[in-house]
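>>> The following block contains a protein sequence and its predicted model.
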Amino acid sequence: MRKKIVAGNWKMHKNAEQTEELLSELIAKIPAQTTAQVIVAPTFVNLQAAVAKLKNTTIGVSAQNVHQAEGGAFTGEISADMLTSIGVNTVILGHSERRAIFHESDALIASKVDTALKHDMTVIFCFGEELKDRQSGNHFNIVENQLRDGLFHISKESWANVVLAYEPVWAIGTGETASPEQAQEMHEFIREVVRKAFGADIADEVSILYGGSVKPDNAKEIFGKPDVDGGLIGGAALKADDFLAIVTAI
Ligand SMILES: O=C[C@H](O)COP(=O)(O)O
């Protein structure tokens, strides 16, 4: 049975005090049992506090990035060993903001995937087409290539530590979401691409999250589609009530 997952990517939001406040509210209000595995990804400097605060809760913690090298002269970067040493065992890789703003190529993302998996981290692998790709009808090709070039070099065994997050770039932070039908169409395609490359067992087991302007009022419809296993939430993850409404929409 593949997992249902709702992850909140806090991006570059929330200082230490605000992180503490949002986590306290989430802990206080999260239902005792949720269908979805719930994950939050605060910024690097607040990860250690988040791990401590969320100890003995059902909420997991993810990093938003990792460097591909084991260590060395890489000013400003964070290694996988540093993350796991403070209890962070999940990392978001390939986010469209990393690809577009920080020029992360598929090859670079592939090497970050390798490093994270080598450290037994779970990778939330993000990918998705831009508006121009969808308008030109090239979105399926783009998505397949991002998967092949960034991820498909991994072993079959590694898939146990991979979560896919389809995020059409045109829907991120824009208020414009893919329709539930568009999300389902793409998720079904993604599962088929995985099936062809790695077999039905892996394709049926891998969780495929949707990301891009998921809100409390559209989550249920999107999550209701058979190949959508949850969401990667940006803006709506910054308010406890909104995030938890999305968590309980599964
Ligand atoms: O990582 C999350 C996505 O970029 C979605 O962000 P958004 O929910 O603000 O559109």
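Received, thanks.

>>> rest of the way, CA atoms for contacts and neighbours
Noted.

>>> immediately after the least confident helix or strand in the chain by mean pLDDT, which helix or strand?
Ranking every helix and strand in the chain by mean pLDDT, DSSP states H and E puts helix 131-135 at the bottom, with a mean of 93. Helices and strands here follow DSSP states H and E; after helix 131-135, the next one along the chain is helix 139-150.

>>> looking just at contacts, which helices and strands does the helix or strand that that following helix is followed by meet?
For helix 139-150, the following helix or strand on the C-terminal side (DSSP H and E) is strand 162-166. Helices and strands touching strand 162-166, by 3 or more Cα pairs under 8 Å, 6 or more residues apart in numbering; DSSP states H and E, are strand 122-127, strand 208-211.

>>> Please identify the most buried of those.
strand 208-211 (a mean of 29; mean count of other Cα atoms under 10 Å).

>>> Name the residues linked to the most centrally placed residue in the chain by a beta bridge.
Centroid-nearest residue in the chain: residue 124, 4.2 Å away (criterion: Cα atoms, centre = their mean). Bridge pairing for residue 124 (DSSP bridges) gives the partners residue 92, residue 163.

>>> In contact with it, which residues are there?
Residue 124 sits next to 90, 91, 92, 93, 162, 163, 164, 165 when contact means Cα atoms under 8 Å, 6 or more residues apart in numbering.

>>> re the thing from before, please give the centre-to-centre distance between the least confident helix or strand of the chain and its chain.
Centre-to-centre, helix 131-135 and its host chain are 22 Å apart (Cα atoms, centre = their mean, to the nearest Å).
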